[in-house]
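Trainee: sequence plus the predicted model coming up.
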Amino acid sequence: MSKHWYNNGKINVFREYQPEGFIPGMLDSSKKKMSESKKGTVGWCKGLTKETDKRVKQVSDSQKGKVLSEERRRKISEGTKRGMAKPEVRKKLSNSKKGKHLSNESLKTKLEKEYITKSKNNSFNSSKPEEKLYHVLIEKYGFNNVKRRYKDYRYPFYCDFYIPSEDLFIELNAHWTHGGKPYDPNDKECQDKLKLWQEKAKQSQFYANAIKTWTERDVEKQRVAKENNINYKFFYDI
């Protein structure tokens, strides 16, 4: 199908989406035959009429509720895998999702459903510590009263949770890179652990980053919270 200018003998007329091979002055009966001859060919669906579109919908509706055979499922799965293995397909799929985000209302609904499901199945124990604390806070303060990854001029870090009604900043330092307790240069246990990490850091950048997290970043967060006199709590376990 293509866009085409033609002259009807008086003025230039712009025709949109004429069939490929369209001849200026073609009779309506000829155009209809050409259009019908395009049925079943690649790209024909671009010119679907309302009647055809209705038929396509009827066919689609007729397939709803039907159970696919295992063989059919296998073929669909294999076809999908072959398609996703192509870089151009993955790129096209990625581009189609750019700029699309869940609205606040949709995100809220999604999280509420997740919370209800986990409560019903008692599956919180299998979640990560941060997820467990999140649901504990929701239970205590309410869904709309718990913010995640919150940042404030008084506390210029992304804290794990913030409770607006209490003006409360919460950090969960459950990961081992936080040392299991606040770093204290005068504490023997802390110094022994630091020496062990320093030895491992000679061969591992991961341990080098952990040392900075425990002895520098966490210490700085606690210092800022204290200086700004904010309502601040941090946990090492839940």
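Mentor: Structure received. Residues are numbered from 1 along each chain as shown.

Trainee: show me the shaky parts of this protein.
Mentor: Low-confidence segments of the chain, defined by pLDDT under 70: 1-68, 94-127.

Trainee: domain parsing for it?
Mentor: Domain segmentation of the chain under automatic domain parsing yields 2-50, 143-235.

Trainee: distance between the ends of the last one?
Mentor: With Cα to Cα, to the nearest Å as the measure, the first residue of domain 143-235 is 21 Å from its last.

Trainee: residue 175: neighbouring residues, count only.
Mentor: 14 (other Cβ atoms under 10 Å). For glycine as for every other residue, the C-beta is placed from the backbone atoms N, C-alpha and C.

Trainee: in this structure, where's the longest strand?
Mentor: Taking DSSP state E as the criterion, the chain has its longest strand at strand 155-163.

Trainee: I'd like to know how far residue 185 sits from residue 234.
Mentor: 18 Å (Cβ to Cβ, to the nearest Å).

Trainee: neighbour-wise, which of those two wins?
Mentor: Shown here are residue 185 and residue 234; by other Cβ under 10 Å, residue 234 has more neighbours (17 against 9).

Trainee: not counting sequence-adjacent ones, nearest residue to the more buried one?
Mentor: Once flanking residues are discounted, residue 234 sits nearest to residue 171: 4.1 Å by Cβ to Cβ, 6 or more residues apart in numbering.

Trainee: hang on, that neighbour in a strand?
Mentor: Yes. Applying DSSP: H, G, I helix; E, B strand; the rest coil, one finds residue 171 inside a strand.

Trainee: residue boundaries of the helices in the protein?
Mentor: Secondary structure of the chain, counting by DSSP state H: helices at 28-37, 50-62, 70-84, 87-97, 104-121, 129-141, 188-201, 205-212, 218-227.

Trainee: report the angle between the last one and strand 155-163.
Mentor: Between the direction of helix 218-227 and that of strand 155-163, the angle (axes from the mean of the first three to the mean of the last three Cα atoms, to 10 degrees) works out to 80 degrees.

Trainee: and helix 218-227, what other elements does it pack with?
Mentor: strand 155-163, strand 231-235 (3 or more Cβ pairs under 8 Å, 6 or more residues apart in numbering; DSSP states H and E).

Trainee: tell me the angle that helix makes with helix 205-212.
Mentor: 20 degrees.

Trainee: in helix 218-227, what counts as buried?
Mentor: Neighbour counts over helix 218-227 (16 or more other Cβ atoms under 10 Å) mark 218, 221, 225 as buried.

Trainee: from what I can see residue 207 touches residue 194, true?
Mentor: No. Using Cβ atoms under 8 Å, residue 207 makes no contact with residue 194, being 10.5 Å away.

Trainee: isn't the residue nearest to residue 234 up against residue 235?
Mentor: Yes. With contact defined as Cβ under 8 Å, residue 171 and residue 235 form a contacting pair (7.4 Å).

Trainee: who's more crowded, those two?
Mentor: Comparing residue 171 with residue 235 by other Cβ under 10 Å, the one with more neighbours is residue 171, at 21 against 14.

Trainee: residue contacts, that one?
Mentor: By Cβ atoms under 8 Å, 6 or more residues apart in numbering, the contact set of residue 171 is 159, 160, 221, 232, 233, 234, 235.

Trainee: swap in 10 Å and give it another go.
Mentor: 155, 157-161, 178, 218, 221-222, 225, 232-236 (Cβ atoms under 10 Å, 6 or more residues apart in numbering).
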